[in-house]
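S.K.: I need the structure of the sequence given here:
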Amino acid sequence: MELADAFGIGGEGGAMWVAVIAAAIVVLIIAGATFRRRRRTRAGNPKLVSLEEVRRAKRRSAGRSPEAKPQHCSLCRRPAGRLSFYVDERGGTIGVCRACKPKAEARDLDRL
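M.R.: Reported below is the predicted structural model:
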């Protein structure tokens, strides 16, 4: 009885405590469901990128040199050390070597 009197559980106040505890349980359930739904939505959305994953990928590729695998010219298909990038007539991006650069400029392509 002493414990019940200390917390005001006995008598009229008992119904109030039951209501408060029930409300707290409902709030916790709603908060937990909302948190789980948000976390699942972030993981399932392909448009959202985790910055931590991007940082890890950058750290992994930092040791590789770009010269390890040369890129190919979009016009002559020969490997080139450096490419200049242009936007073609259809809106696509093309990489052009130094030898093909006059061809790209003759086609009046926009440089990126």
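S.K.: The strand or helix carrying residue 18 packs against which elements?
M.R.: Using DSSP states H and E, residue 18 maps to helix 13-44. If you count contacts as 3 or more Cβ pairs under 8 Å, 6 or more residues apart in numbering; DSSP states H and E, helix 13-44 packs onto no helix or strand. Where C-beta positions appear, they are placed from N, C-alpha and C, glycine not excepted.
S.K.: The closest residue to residue 112 other than its chain neighbours: neighbouring residues, count only.
M.R.: Spatial nearest neighbour of residue 112, chain neighbours left out: residue 85 (4.4 Å); criterion: Cβ to Cβ, 6 or more residues apart in numbering. Neighbour count for residue 85, taken as other Cβ atoms under 10 Å: 14.
S.K.: What strand or helix carries residue 85?
M.R.: Going by DSSP H and E, residue 85 is in strand 84-87.
S.K.: Tell me which helix or strand comes right after that strand.
M.R.: Once the chain leaves strand 84-87, the next helix or strand it forms, by DSSP H and E, is strand 93-96.
S.K.: Kindly format the C-alpha coordinates of that following strand as CSV.
M.R.: The C-alpha atoms that make up strand 93-96 are tabulated as CSV, following Å, rounded to 0.1, in the frame of the first residue of the first chain:
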residue,chain,number,x,y,z
THR,A,93,28.8,13.6,-74.2
ILE,A,94,31.8,12.6,-76.4
GLY,A,95,35.5,12.5,-75.5
VAL,A,96,37.7,13.7,-78.4
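S.K.: Sheet partners, orientation included, of the strand holding residue 85?
M.R.: Strand 84-87 has the following strand partners under DSSP bridges: strand 93-96 (antiparallel), strand 110-111 (antiparallel).
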